[in-house]
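> Sequence first, predicted model second:
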Amino acid sequence: MKQTVLIVDDEPAIRELLDITLSRMGLATVSAASLGEAESHLRNNPPSLCLTDMRLPDGNGISLVQTIAADFPQVPVAMITAHGSVETAITALKAGAFDFISKPIELERLRSLVSTALRMADAGDAVDQQAIPGRGQELIGTSAVIATLRQQALKLARSQAPVHIQGESGSGKEVVARMIHNHGPRATAPFVAVNCGAIPHELMESELFGHVKGSFTGATRDKPGLFQAAEGGTLFLDEVADLPLAMQVKLLRAIQEKAVRPVGSGEEVATDVRVLSATHRNLAQEVEAGRFRNDLYYRINVIDVHVPPLRERLDDLPALVERIIQRIAGEGDGRPRLQEDAMAALHTYTFPGNVRELENILERAWALSDGEHISADDLQLNVRTPAVRTKAARDDSAGIDYEAALGDLEGYLEDVERQIISAALEQCRWNKTATAKLLGISFRSLRYRLQKLKLDE
Ligand SMILES: Nc1ncnc2c1ncn2[C@@H]1O[C@H](COP(=O)(O)OP(=O)(O)OP(=O)(O)O)[C@@H](O)[C@H]1O
């Protein structure tokens, strides 16, 4: 049987355009010119997809989106917005629309939106998405917050809205992003993750948008960027707050226009990519401080998700420990067990590096253990916590060696810097992202210092 699309618009010309395009795609259509008519169609014969205009004679499209989200959650709904009205698009996405399309309607974009929506409806029709046992189990944890986060991610998987994920380093932001991708209609297309803080500024534009042969020294052939690599799928911009302002403008344009211009090319290339982003910072504060563009903030932060730090959900420890040990020790019989004192010790630890740190602690403990049991000693948690370290450092300040600094202040300061960075690295089990956070510097700055101090070998 043909899938049906409900078209809600009071302009006959738009209804006709949509009807012709969708019929050519082999779909059946029904039209409604008002909210009332749309609601009665929905109740009598729920469609596979609904496309609605914003302004209708008896109300606005947002209320239709809300009704569908509440009463017909299996029906994806997309909003048709006036040209350039980003505000409406964002309101619609927040209200539960899975996507939007602006007027004048580009047929290519309409077709891609409809195909994505129908893939989603297919998956939803077959079974109740959230009832499948094991769904979302890649996000390990038994705490209430993780259960809520899992539900939220499964729900967001059914939308095309940009999602911003905030959380401390190593807390699982990328795991959440992958889950949103894996459970949505883009699951069979690529998931491309990029750490915005790790790309040198001068290469950033070409990395993201690609370049054409001869556009700069070394560009010996055309190279597609990460947007193109993620075509049809998801681009995950990790540490998005580290993007320089000039790149933020270009990213905003790419998201808004759904097109990118490779470096050195005169032409834009259309892209169909869902953008997810993350940062360990508070993005609103970055906007206030003038380091992040307000317009980009609204565009990527349509829906925000917070991943709490591990120390606020220690209930997750047993499940995480089990999964991590299973991974590092393999499936065989030789899997070590965590002794009670070790589990108790983990419950008192603050995990500045979150789940990634837990993985590193367990990997090291496994190597140190007798292979059968992991004891509290094997965990080596007795490294001082940041609070203690700061205080100790303060006490030591009385002991600054003035004499040693004479004649070589730079060398002396480098020694101090080397000691502090080495201690922080050790505390974070050599995780550079966590170390940078602990020291309150950017990942780039840490990398620069490691090179300068020859600590990166
Ligand atoms: N809830 C979880 N279940 C299973 N594994 C997890 C979970 N949270 C984090 N991890 C694991 O911890 C490590 C760090 O997670 P992830 O990369 O998602 O963190 P992040 O917040 O994106 O970190 P960063 O900000 O440093 O990029 C990964 O190996 C990931 O698989």
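That came through fine.
> For residue 151, see how far away the residue of the stretch 251-400 of the chain found nearest the ligand is.
Closest contact between the stretch 251-400 of the chain and the ligand, by C-beta to the nearest ligand atom, is at residue 355 (3.4 Å). Heads up, the C-betas are built off the backbone N, CA and C, glycines and all. Here residue 355 is placed at a distance of 19 Å from residue 151 (C-beta to C-beta, to the nearest Å).
> before we move on, what about residue 219?
Where residue 151 is concerned, residue 219 sits at a distance of 46 Å (C-beta to C-beta).
> One more: residue 50?
Taking C-beta to C-beta, one finds residue 50 at 24 Å from residue 151.
> more crowded one of those two?
Using other C-beta atoms under 10 Å as the criterion, residue 50 and residue 151 rank with residue 50 on top: 29 against 12.
> ok, the more buried one touching residue 77?
Yes. Counting by C-beta atoms under 8 Å, residue 50 touches residue 77, with 4.3 Å between them.
> Identify the contacts common to these two.
Common neighbours of residue 50 and residue 77, using C-beta atoms under 8 Å, 6 or more residues apart in numbering, are 64, 68.
> so where is the protein shaky, pLDDT-wise?
For the chain, the stretches with pLDDT under 70 are 121-137, 331-333, 383-401, 403, 457.
> Residue of it closest to the ligand, please.
residue 172 (2.6 Å).
> neighbours of that residue, just the number please.
Per other C-beta under 10 Å, the neighbour tally for residue 172 reads 27.
> Tell me who's in contact with it.
Residues near residue 172 by C-beta under 8 Å, 6+ apart: 139, 307, 354-355.
> any idea how far it is from residue 78?
Taking C-beta to C-beta, one finds residue 172 at 30 Å from residue 78.
> cool, residue 337 as well?
52 Å.
> Which of those two has more residues huddled nearby?
It is residue 78, of residue 337 and residue 78, that has more neighbours when counted by other C-beta under 10 Å, with 25 against 13.
> That one touches residue 50, doesn't it?
Yes. Between residue 78 and residue 50 there is a contact at 7.4 Å, judged by C-beta under 8 Å.
> where does the residue of the stretch 251-400 of the chain closest to the ligand land in three-state SS?
helix (DSSP: H, G, I helix; E, B strand; the rest coil).
> In ChimeraX, how would I select just the buried ones from the contacts of residue 172?
The ChimeraX selection below is limited to those of these classed as buried (16 or more other C-beta atoms under 10 Å):
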select :139,307,354,355
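> Strands of the stretch 1-150 of the chain, start to end?
Here the stretch 1-150 of the chain has its strands, by DSSP state E, counting those that start in this stretch, at 4-8, 28-32, 49-53, 55-56, 59-60, 77-81, 99-102.
> From the contact counts, what lies against the third one?
Right, the one you point to is strand 49-53. In this structure, strand 49-53 makes packing contacts with strand 4-8, helix 35-44, helix 61-71, strand 77-81, helix 107-126, judged by 3 or more C-beta pairs under 8 Å, 6 or more residues apart in numbering; DSSP states H and E.
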